[in-house]
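In: Sequence and predicted structure are below.
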Protein chains: 2
Amino acid sequence: MKQIQGGVCAAKGFKAAGVHAGIRKNKTKKDFALIISEKRAAAASTYTQNLVKGAPIYVTKENIKDGYASAIICNSGNANTCNANGIEIAEGMCSLVEKHTDISKNDVIVASTGVIGQPLDLTPMENAMEALVDSLSQNGSEDAANAIMTTDLRKKEIAFEFELGGKVCHIGGIAKGSGMIHPNMATMLVFVTTDVNITPQMLQKALSADILDSFNMISVDGDTSTNDMVSVLANGMAENPVIDSENADYAVFCEALSNVTTCLCRSIAKDGEGASKLLESRVSGAKDIKNAKLVAKSVVCSSLFKAAMFGSDANWGRILCAIGYSGADCDVSKVAVSLQSSAGDILVCKNGSGVDFDEEIAKKVLLEDEIIINISLGDGEGCAVAWGCDLTYDYVKINGDYRT
Amino acid sequence: MKQIQGGVCAAKGFKAAGVHAGIRKNKTKKDFALIISEKRAAAASTYTQNLVKGAPIYVTKENIKDGYASAIICNSGNANTCNANGIEIAEGMCSLVEKHTDISKNDVIVASTGVIGQPLDLTPMENAMEALVDSLSQNGSEDAANAIMTTDLRKKEIAFEFELGGKVCHIGGIAKGSGMIHPNMATMLVFVTTDVNITPQMLQKALSADILDSFNMISVDGDTSTNDMVSVLANGMAENPVIDSENADYAVFCEALSNVTTCLCRSIAKDGEGASKLLESRVSGAKDIKNAKLVAKSVVCSSLFKAAMFGSDANWGRILCAIGYSGADCDVSKVAVSLQSSAGDILVCKNGSGVDFDEEIAKKVLLEDEIIINISLGDGEGCAVAWGCDLTYDYVKINGDYRT
C-alpha cells in the first residue's frame, strides 16, 4: 500500500474546492468547502453520540438514508448548532449544491463547524457558491482541507494507492479537529473518498468497525463535540469487482481505510488545541481489548498527565493513577510502564512500583514532540492504542476567549 | 445551627497539632499532622474507588474495621502510593502514635498526600513525633489544616454548634485538596470530628449518604486520586442520647454533617489548582436526581467550559455540549441556562437555543470569583448541585513540573 498525494481528490472522479465566503471575518481564511464525485457514490457516515447534535447531522442522516451521495458541502466558523432555524439553513446549503451543479439536494452530505449557538446566515454562502463550484478541481483537496479548519494549525490530508482484483484503487481523506475532541462513535469532520467499488452496506460496516480503533481512540480535551462526523464516499470508478461480502478484498479495503483514518487521528491529536506533543498510549497484556482500550484512553485523557508531558516531567505516578480509575479490570501490581520517543526508551515502573531511572535521560526522551507510553498489564492478550496531546498554556489561551 | 471557630478541635475532647518534620524541603511548610480524641470514638471512612490505592488506605480500613478509632495521623509531601514498602511505612506511622501516646496502633487512621511513587522515609517522622505530640492542643486545628496541604493555597476548616436531646453538640472538619480532584465515593483527605454520641453503624450510614451529594459532586481536573479519604470521628462527649437509628436526632446530625462537608467541598473547588473562580452548577427539572447529577457534574468537568470561565466568556454553547454528552436522559430542546453571580443573573439560553443577551452584562457577571450556572431541564423534579473551578494558565504551570 503506497502513500500518494491528492487527499480527497486522489481517487478517480473526485474534485474539491475551498473558498472564503465571509462566514469568518479573516479574509485570508477559507471557510467554505465542496467535494463532488463524478459518479453517484456509496455513502457511509458515523456521527456524534452527543444528545445535542448540530442541524447538519440530521440533514445528512436523511440524505444518505438510501446509501448514496455525490457531494459534501461544509462551512467553518459556525457550527449551526442550537439554532432555532438550523435545519432550514443546513437544507439551504444542500439546495445551493443542486442549484449550481447537476447533483440532487438529497445526495448531499452537509457539515458545519465552529462556534455553537450563533445563527448561521446563508447569504455569504449563496454569494460564494458560484466561485466555489467554478474552482472545483482535481487539485482542490488542499483548499478544501484548509477551508474546514477552525483552530487547527495544520491541514490534515492523506491518501493511499492499492490494488483490488487487478485494479488500481485509491483512498484519501481530509479532517479538521483541534478542540472539543473526545469522539464517541465519530470525530469532528472527517471526509474520506475512494474509487473502490463497494456496496453501501459493506462500506458502512467497514467504517463502523474502523472508528472503534481510530477516531474513538483520540482525545484532546474530553469534550465530545455536537458536530462530530466521519463520512466516506466510494464511487466505484476503480472498477474492481464489487465488494459485497467480508471477502479478501474487503479485508484489503479495511486496511486501506485504517491507514487513512489512523493517519488522520494522529494528525488531529498532534494538532490538538495548544498542543506541543503527540501522545500515543500503547497498551498490551490486558485481559481483553475492551480493558486495553479503557486503560489506553484513560491515560491520554488525564489532565494531570497531559500537563506533566507539557513539562517533560516523567511523573509516571499519574499514569498509574489514570490506569487505576480507568474502570478497567486489571491487577495494578503487575503493571510496567516505559516512556519512549526518538530519543530513547526508558522503563519507569515495574510490578506497579517505581524503578530507579535516570531523570536526565527521561527528560531527553520527553523533550521530543512524539511520545509513546508503553503500558504492559501482564494479564492477557488485549492490546489497544490511543492518541492524545499535552495540556499547555495555549490550550487555556485559545479557549479562554474563543468567541470574541 | 451556628457556625463556630475551632475546626477539628471544636468538638469536646479533641486536640490537634501540625509541625514541619522535613518530608517537604520547604522548612516553613508544616507537613506532619495529628488529631486525637480523649475518648475512643466511633469511626467512619469512605475511600477512593481508584484501583491504585495508597498504602495508608489499606491500613486505615483494617484499623477501623471494629468501628472505632482515637487518632488521625497524616503527612503531606509524599502519597506513600506505588511503593513496595508502603504498608510497612503506614503501619510504622501508626506505631509512632502508640509509642508516644496511650493510643493503640490499631486505633489510628493514617493518611498521606503528595507525589506518587517515591519511597516515603519514616525517619523524619520518628524524629518529629515528640514535638508533634507535645504541641497537641485545643487550638491546634489550624496547624493540622496547614500541615495536610500540598498545592492548596488556602487552609480548609469549618465548625458548627447545634443541639441534640438538650445537649450542646459540635462538629468540625479540615480538608486538603487542590489537584487530582474528581472523587468517586470520597475525596482527597477530609477529617471531621464531633462529640455527638452515635453508633459506628449510624455514623458510617450518615457519611456514606452525605458524600453522594458533597465530595462526589466536585471536580477540579477529572483525575480521581489514589489517596482520597473522608474520615469522621464521633467521641460521644456531648452526652446526647445515643443515635442508633434513623430518628429525628439522626436527621439533625446529618444536616450538621452536610453543613461541614458542603462548606469543605466549596473550599476545595475554589482552591482547585490554579483556579481563579468557584463554579457552582445548579440543575433543576431533571427526570430524577441521578440525571440531575450527571448534568451538574458534566458541566463543571468540561475543560472547554472551564477555560471559557477563566476568560469570563459567556460561551453557553459549551454548557449545552456538556449536557449533551453527560449521559443524562433529557430533552435538549427544553433546556434553559442562566449565569449568575453577585453582579447579576443573565439568561443565555432558552428552549435549547440562544437568546439575545447583553454581552457587557454577561462579562460583568462572569468577572466575579463565584459563578453559579443555573440549568433548568424542564423535565421533572430532580435537582443537584456540583462544584468545580476554572481552567487557568496556573493549572498548567503547577502540573507541568510538579515533582521537581
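Out: Arrived safely, thanks for sending.

In: Which residues of the stretch 251-400 of chain A lie near chain B?
Out: Residues of the stretch 251-400 of chain A lying close to chain B (CB under 8 Å from any CB of the partner chain) are A:301-304, A:307-308, A:310-311, A:313, A:315-318, A:320-325, A:328, A:330, A:332, A:349, A:351-354, A:391-393, A:395-400. Just so you know, the C-beta spots here come from the backbone N, C-alpha and C atoms, and that holds for glycine as well.

In: Pull out the buried residues from those residues.
Out: Using 16 or more other CB atoms under 10 Å in any protein chain shown as the burial test, those include A:301-304, A:307-308, A:310-311, A:313, A:315-318, A:320-325, A:328, A:330, A:332, A:349, A:352-354, A:391-393, A:395-400 as buried.

In: where does the residue nearest to residue A:208 when sequence neighbours are not counted fall, helix, sheet strand or coil?
Out: Sequence neighbours aside, residue A:46 is the residue nearest to residue A:208 in space, at 6.2 Å (criterion: CB to CB, 6 or more residues apart in numbering or on different chains). Secondary structure, DSSP: H, G, I helix; E, B strand; the rest coil: residue A:46 is strand.

In: Relative to residue B:40, how far out is residue A:46?
Out: Counting by CB to CB, to the nearest Å, the gap from residue A:46 to residue B:40 is 60 Å.

In: who has more neighbours, these two?
Out: When residue A:46 and residue B:40 are compared for neighbours, residue A:46 comes out ahead with 24 against 16, by other CB atoms under 10 Å in any protein chain shown.

In: Give me the pLDDT for that one.
Out: Residue A:46 is assigned a pLDDT of 89 by the prediction.

In: Residue A:216 too?
Out: In this model, residue A:216 carries a pLDDT of 79.

In: Run through who's touching the helix or strand where residue A:323 lies.
Out: Element membership for residue A:323 (DSSP states H and E) is helix A:317-324. With CB atoms under 8 Å, 6 or more residues apart in numbering or on different chains as the test, helix A:317-324 has contacts from A:295, A:298-299, A:301-302, A:304-305, A:308, A:330, A:332, A:335, A:337, A:349, A:352, A:354, A:373, A:375, B:50-53, B:79, B:81-82, B:115-118, B:180, B:223-226.

In: at 6 Å what do you get?
Out: A:295, A:298-299, A:302, A:304-305, A:308, A:337, B:50-52, B:82, B:116-117, B:226 (CB atoms under 6 Å, 6 or more residues apart in numbering or on different chains).

In: In helices only, show me the residues of the stretch 251-400 of chain A next to chain B.
Out: If you go by DSSP state H, those have A:301, A:303-304, A:307-308, A:310, A:317-318, A:320-324, A:393, A:395-400 in helices.

In: Am I right that residue A:257 is in contact with residue A:210?
Out: Yes - between residue A:257 and residue A:210 there is a contact under CB atoms under 6 Å: 5.3 Å.

In: my guess is residue A:268 is in a helix, correct?
Out: Yes - per three-state DSSP, residue A:268 lies within a helix segment.

In: Near it, how many residues? Count them for me, please.
Out: 30.

In: coming back round to it: how far away is the residue nearest to residue A:208 from residue A:375?
Out: 27 Å.

In: out of everything not next to it in sequence, what's closest to residue A:206?
Out: In space, residue A:206 is closest to residue A:254, 5.1 Å off (CB to CB, 6+ apart).

In: Next, count neighbours for residue A:153.
Out: What residue A:153 shows, counting by other CB under 10 Å, is a neighbour count of 12.

In: Leaving out chain neighbours, which residue sits closest to it?
Out: Excluding its sequence neighbours, the residue lying closest to residue A:153 (CB to CB, 6+ apart) is residue A:271, at 5.6 Å.

In: any idea which helix or strand carries residue A:89?
Out: helix A:86-100.

In: Packing partners of that helix?
Out: Contact analysis of helix A:86-100 by 3 or more CB pairs under 6 Å, 6 or more residues apart in numbering or on different chains; DSSP states H and E lists helix A:55-63, strand A:68-78, strand A:108-115, helix A:123-134 as its packing neighbours.

In: so what does the shortest one touch, helix or strand wise?
Out: For strand A:108-115, the elements it packs on are helix A:55-63, strand A:68-78, helix A:86-100, judged by 3+ CB pairs under 6 Å, 6+ apart.

In: if you set the cut-off to 8 Å instead, what comes out?
Out: Strand A:108-115 sits against helix A:55-63, strand A:68-78, helix A:86-100, strand A:229-234, with contacts defined as 3 or more CB pairs under 8 Å, 6 or more residues apart in numbering or on different chains; DSSP states H and E.

In: Could I have the CA atoms of it written out in CSV?
Out: C-alpha atoms of strand A:108-115 as CSV (Å, rounded to 0.1, in the frame of the first residue of the first chain):
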residue,chain,number,x,y,z
VAL,A,108,-25.5,16.0,-0.4
ILE,A,109,-23.6,15.4,2.9
VAL,A,110,-23.7,18.7,4.8
ALA,A,111,-21.4,19.7,7.7
SER,A,112,-20.7,22.8,9.8
THR,A,113,-18.0,23.5,12.4
GLY,A,114,-17.3,26.5,14.6
VAL,A,115,-19.0,28.3,17.5
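
In: quick check: angle from it to helix B:317-324?
Out: If you take axes from the mean of the first three to the mean of the last three CA atoms, to 10 degrees, strand A:108-115 sits at 120 degrees to helix B:317-324.

In: got it, and the longest one?
Out: Relative orientation of helix A:123-134 versus helix B:317-324 (the same axes, to 10 degrees): 80 degrees.

In: Okay, strands next: where are they in the stretch 301-404 of chain A?
Out: Using DSSP state E, counting those that start in this stretch, the strands of the stretch 301-404 of chain A run over A:336-341, A:344-350, A:353-354, A:370-376, A:382-389.

In: can I get those strands in CSV with mean pLDDT?
Out: Shown next, in CSV, are the strands of the stretch 301-404 of chain A (pLDDT from 0 to 100):
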stretch, mean pLDDT
strand A:336-341, 97
strand A:344-350, 95
strand A:353-354, 90
strand A:370-376, 97
strand A:382-389, 93
